[in-house]
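K.L.:
model the following, please.
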Amino acid sequence: MISHPFPPLYDEKSRILILGSFPSVKSREKNFFYGHPQNRFWKVTSAVFGAPLPLSIDDKKAFLHDNGIALWDVIACCDINGSSDSSIKNVIPNDLSQIITSADIRGIFVNGRTAEKYYKKYALKATGVEAICLPSTSPANAAYSLDDLIRVWSVIAQI
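P.N.:
This next block holds a predicted model:
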């Protein structure tokens with residue numbers, strides 16, 4: 001069983017909640033969200049908000065806070081082989097109430113189908129808010145080009 005190694009990122013001004021499934025091996029090593037260099041999350045979100053690409057963890061945190069984005073994952077603990085979402089078993093979900101009650105969340109988005117699956121199974125009843133599923137920014141999602149992702153993900157800037 002692997003536990004999520006880092007806390008959610010949010011503040012009272014967060015209005016957009018983006019949820020992944022569980023951190024990849026690279027993210028767990030870097031101790032921060034979307035740490036795999038091929039994951040397109042930072043390229044997509046910075047393009048959507050017309051911001052420079054944040055490179056350091058401090059720059060990424062500042063970018064998120066400046067744009068009202070809260071980040072977390074649906075899963076707190078699970079059995080997983082490497083970074084393979086399809087291998088996830090024995091899920092213990094994160095408690096999202098700490099974010100929902102202390103931030104001004106106006107929209108919940110999930111990064112990919114795995115996050116959507118576990119959000120619907122474990123979090124939807126507690127939050128009472130349907131999440132909008134966006135295509136995964138993972139390098140494994142070859143069906144979407146960077147431009148396609150930016151176009152679809154632009155919905156988050158409307159919150």
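K.L.:
now the longest helix anywhere in the chain: buried residues?
P.N.:
Secondary structure assigned by DSSP state H gives helix 57-66 as the longest helix of the chain. If you call a residue buried by 16 or more other C-beta atoms under 10 Å, then helix 57-66 has these buried ones: K60, F63, L64. Quick note: C-beta positions are derived from backbone N, CA and C, even for glycine.
K.L.:
export the residues you listed to JSON lines and append columns for pLDDT and distance to G35.
P.N.:
Conversion of the buried residues of helix 57-66 to JSON lines gives the following (pLDDT from 0 to 100; distance: C-beta to C-beta, whole Å):
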{"residue": "K60", "pLDDT": "98", "distance to G35": "10"}
{"residue": "F63", "pLDDT": "98", "distance to G35": "15"}
{"residue": "L64", "pLDDT": "98", "distance to G35": "14"}
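K.L.:
how about the residues you listed in TSV, adding distance to S154?
P.N.:
Putting the buried residues of helix 57-66 into TSV (distance: C-beta to C-beta, whole Å) gives the following:
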residue	distance to S154
K60	19
F63	16
L64	17
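K.L.:
among the residues you listed, which one sits closest to D79?
P.N.:
Ranking the buried residues of helix 57-66 by separation from D79, with C-beta to C-beta as the measure, puts K60 on top at 28.1 Å.
K.L.:
now do the helices in the chain.
P.N.:
Counting by DSSP H, residue ranges of the helices within the chain are 25-30, 41-48, 57-66, 97-102, 113-118, 124-127, 146-153.
K.L.:
next one: stretch 32-52 to chain centre, how far?
P.N.:
Distance of stretch 32-52 from the chain centroid (C-alpha atoms, centre = their mean, to the nearest Å) equals 11 Å.
K.L.:
just stretch 148-159 next, same as before
P.N.:
14 Å.
K.L.:
give me the distance between the two termini of it.
P.N.:
One end of stretch 148-159 sits 20 Å from the other (C-alpha to C-alpha, to the nearest Å).
K.L.:
buried set for that stretch?
P.N.:
Along stretch 148-159, the positions that meet the burial threshold by neighbour count (16+ other C-beta under 10 Å) are L149, I150, W153, I156.
K.L.:
where does the closest residue to K61 other than its chain neighbours land on pLDDT?
P.N.:
In space, not counting the residues next to it along the chain, K61 is nearest to L9; the distance is 6.3 Å by C-beta to C-beta, 6 or more residues apart in numbering. In this model, L9 is scored at 98, pLDDT.
K.L.:
same deal with the one 10 residues further on?
P.N.:
Residue-level confidence at L19 comes out at 98, pLDDT.
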